[in-house]
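Engineer: sequence and predicted model, in that order:
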Amino acid sequence: MKRRSLVLGMLGVLGVLGCSAREGEPASPQAELGEPLQFTLGTLDGGELSSDTTRGRTTALLFVTTYDLPSQAEAELLRDLLSVHKPRANGAIVMLEPPRSAPLAQVWADALGLKLPIAMASPNLLSGDSQLGRVEGVPTLIVLDRRGRLVARAAGAQTREQIAEHLRRADAR
């Protein structure tokens, strides 16, 4: 009984510490200042996903892994939402897996019928040293306005309505 109480108490403390450590934490110094974020990631098709290629439209970047079911569900929601979103918005999937997992990422995207660009995380993104900031868990959705400024950063599974609201807020800026 004592052991169970101790374990539950420790889990409660860790939960509180985990939440408070992230709450209010800016994605990067640039995000805090409202400046456009700069990033460049290679895509599975040999192209580039970057602040330059996405500027001019609202952009939703969804950070996922191939082995996470909520990542799969949110990728499908984002795909469906972007297909009907007006005005058109950019969307991309960023795999938080090492480059050697690129073939698996392609199979994952094909199985879900994703036509969105699929990028593999760069070493600086994986270490948290990119302007996109540290991505602590998956799925994580980052929404940028047409100028590339951070509008939303949402960790954990989002509903279709939550994703749509993030996109609306970005469109309004």
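Structural biologist: On my side now, so go ahead. None of these values were measured; they are calculated from a predicted model.

Engineer: need the mean per-residue confidence for stretch 89-96.
Structural biologist: Stretch 89-96 shows a mean pLDDT of 98.

Engineer: assign a three-state SS to Glu35, would you?
Structural biologist: Assigned with DSSP: H, G, I helix; E, B strand; the rest coil, Glu35 falls in the coil class.

Engineer: where does this protein have low pLDDT?
Structural biologist: The chain contains residues with pLDDT under 70 at 1-33.

Engineer: let me see the ranges of the helices in it.
Structural biologist: 2-22, 29-33, 51-54, 69-84, 102-112, 123-127, 160-172 (DSSP state H).

Engineer: flag every buried residue along the third one.
Structural biologist: For helix 51-54, a neighbour-count test (16 or more other C-beta atoms under 10 Å) marks Ser51, Thr53, Thr54 as buried. Where C-beta positions appear, they are placed from N, C-alpha and C, glycine not excepted.

Engineer: just the CA trace of it, in PDB.
Structural biologist: Only the C-alpha atoms of helix 51-54 are listed here, as PDB (Å, rounded to 0.1, in the frame of the first residue of the first chain):
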ATOM      1  CA  SER A  51      10.700  28.800 -44.600                       C
ATOM      2  CA  ASP A  52      11.200  30.000 -48.200                       C
ATOM      3  CA  THR A  53       9.100  27.300 -49.900                       C
ATOM      4  CA  THR A  54       6.200  27.800 -47.400                       C
END
